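Peer 1: Sequence plus predicted model, see below.
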Amino acid sequence: MDKTIYQTLKSILSVALVYFLLAKLSIQISAVTNFSQLLSLHTGFAIAVMLVMAPSRALAGIALGAFALSIYGTFELEGSSADAYLKYLLPIFTAVIQAYLGSKIYRYWVNVDNSLSHDYDLLRFLKVVPVIALIYTGISFLSSQLPGSSQHELGLLCCLEIWIGHTLGLILVIPVVFSIVEQQSLWKNRRNILVFNFIAALTITFLVCSNIRMFENARIEDRFKILTNQTATLFQVSLKEKELLQEAVAQLFVSSKHVTREEFRQFVSGISDQNKFIQVVEWLPKIEYEQRAEYEREQ
């Protein structure tokens, strides 16, 4: 009994760990936006383990891996929040539903022995993978509309990227898992070429996504420079305008040896009316103490 429990826990923890690592690997090498990546290895792994082991253990491991991923993402990116429980539970629910539906659809279309030994089995596999990926994308879109989701307003392009990520993940990971777990000689003979294809696909995806990210970063940087230059130009124009107004007031006193308070008021009233940012232009003449009595009599 204890050995059975140990084996069960070992299987669940192993699935959770691999699911978590594949999800993080997918994000690191193929993330295009905050909500999508061009390779979702963990979704392919989820269906594969549903097909090669007891579904209850597989679902438990997938749920635990999705929970670990949601906790890691929340503390890494956003910290604690009022709807933290929904942010934890929603990815778990989504991952479990996707794995369960995906495995059922796969079993309906493809044979039950996981051999893919016939041409029509391979053809069915290639046909069913885009369908499963499309259903996964639909579930992701629906979950993104719920209040607890951090992914809102997924556009058509973002959904296309998610679909591509699921499709590539299913095509790459399911055969690799079969070649490792299944004891059939057919899969053992395929193992080397599948692993090579897997590594090559990861490398190509990493290079493509790196170039996309570099292009996007350069585009954002150029746009930021343009906006900052425009802002700096407007700020300089505004400062120059204020300097000209100050010089105009100064020229009033240069052009006349004696400027009265009324002349000053009439001059600056036009300036303040045309420039609403000016709140007040004060009449503050500098009067020596000896001149104070005479100045007050004149005013």
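Peer 2: Thanks, I have it. Computed from a prediction, not measured in an experiment: that's the story for all the values here.
Peer 1: Can you report how many residues neighbour the closest residue in space to residue 49 that isn't next to it in sequence?
Peer 2: Distances taken as Cβ to Cβ, 6 or more residues apart in numbering place residue 58 nearest to residue 49, at 4.4 Å, with adjacent residues excluded. All C-beta spots, glycine's among them, are computed from the backbone N, C-alpha and C. Per other Cβ atoms under 10 Å, the neighbour tally for residue 58 reads 26.
Peer 1: all helices of the stretch 151-299 of the chain, in order?
Peer 2: With DSSP state H, counting those that start in this stretch as the criterion, the stretch 151-299 of the chain has helices at 156-181, 185-255, 261-274, 292-298.
Peer 1: For those helices, could you give me a markdown table that also reports distance to residue 100, mean neighbour count and mean pLDDT?
Peer 2: As requested, the helices of the stretch 151-299 of the chain are exported to a markdown table (distance: least, Cβ to Cβ, whole Å; neighbours: other Cβ atoms under 10 Å; pLDDT from 0 to 100):
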| stretch | distance to residue 100 | mean neighbour count | mean pLDDT |
| --- | --- | --- | --- |
| helix 156-181 | 15 | 21 | 85 |
| helix 185-255 | 24 | 12 | 77 |
| helix 261-274 | 71 | 12 | 69 |
| helix 292-298 | 93 | 9 | 69 |
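Peer 1: how about the residue nearest to residue 49, secondary structure?
Peer 2: Here residue 58 is recorded as helix under DSSP: H, G, I helix; E, B strand; the rest coil.
Peer 1: dump the residue contacts of it.
Peer 2: Going by Cβ atoms under 8 Å, 6 or more residues apart in numbering, residue 58 touches 15, 46, 49, 50, 99.
Peer 1: and with 7 Å instead?
Peer 2: Contacts for residue 58 (Cβ atoms under 7 Å, 6 or more residues apart in numbering) come out as 15, 49, 50.
Peer 1: Quick one: mark the members of these that sit in helices.
Peer 2: Using DSSP state H, the members of the contacts of residue 58 that fall in helices are 15, 49, 50.
Peer 1: Which pLDDT value belongs to the residue nearest to residue 49?
Peer 2: pLDDT, residue 58: 92.
Peer 1: do residue 2 as well
Peer 2: Looking at residue 2, the pLDDT reads 67.
Peer 1: With residue 75 instead?
Peer 2: pLDDT recorded at residue 75 is 47.
Peer 1: Next: residue 147.
Peer 2: We have a pLDDT of 61 for residue 147.
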